[in-house]
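Chemist: no sequence on hand, only this structure:
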């Protein structure tokens with residue numbers, strides 16, 4: 001993860017703190033992928049576990065049990081919210097542009113679809129923030145997403 005990516009994640013987290021006056025959210029950013037602060041494993045039944053430190057043997061053991069490993073950009077484990085910051089390559093439009101950048105990062109549209117599917121199985125709410133979206137639109141998307149999620153969570157409390 002580059003310094004610019006990390007800076008953007010910190011900016012998103014600061015926006016959340018400005019929106020979240022009641023301090024309902026506790027997002028974690030993984031500043032070092034080896035650190036594993038946001039690492040999560042999920043199986044095909046939606047069972048999930050936070051797993052910051054795994055030995056190779058432990059990782060192999062989980063894999064044999066059907067778990068897949070993911071490292072979201074920002075995650076709030078308590079509220080089950082994931083925010084992914086998506087980069088886009090320059091010079092193309094629409095889906096091709098998004099897929100082009102993902103391919104350069106070592107992902108493809110299928111690995112992203114898998115991630116989306118597993119997040120959904122584990123009942124995590126996910127927001128993707130695209131880098132080429134204006135900061136104003138990004139903020140608006142974030143506010144809408146958190147408001148919708150807040151309303152959903154408040155309905156469960158009643």
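Modeler: The structure has been received and is ready for your questions. Everything numeric in this text was worked out from a predicted model, so none of it was measured.
Chemist: am I right that residue 119 is in a helix?
Modeler: Yes. Secondary structure of residue 119 (DSSP: H, G, I helix; E, B strand; the rest coil): part of a helix.
Chemist: quick check: closest non-adjacent residue to it.
Modeler: Of all residues not flanking residue 119 in the chain, residue 126 sits nearest, at 5.0 Å (CB to CB, 6 or more residues apart in numbering). (C-beta placed from N, C-alpha, C; glycine too.)
Chemist: quick one: list the elements packing against the strand or helix carrying the one you found.
Modeler: In the assignment (DSSP states H and E), residue 126 maps to strand 125-130. Judged by 3 or more CB pairs under 8 Å, 6 or more residues apart in numbering; DSSP states H and E, the packing partners of strand 125-130 are strand 81-86, helix 109-121, helix 135-157.
Chemist: one more time with 7 Å
Modeler: If you count contacts as 3 or more CB pairs under 7 Å, 6 or more residues apart in numbering; DSSP states H and E, strand 125-130 packs onto strand 81-86, helix 135-157.
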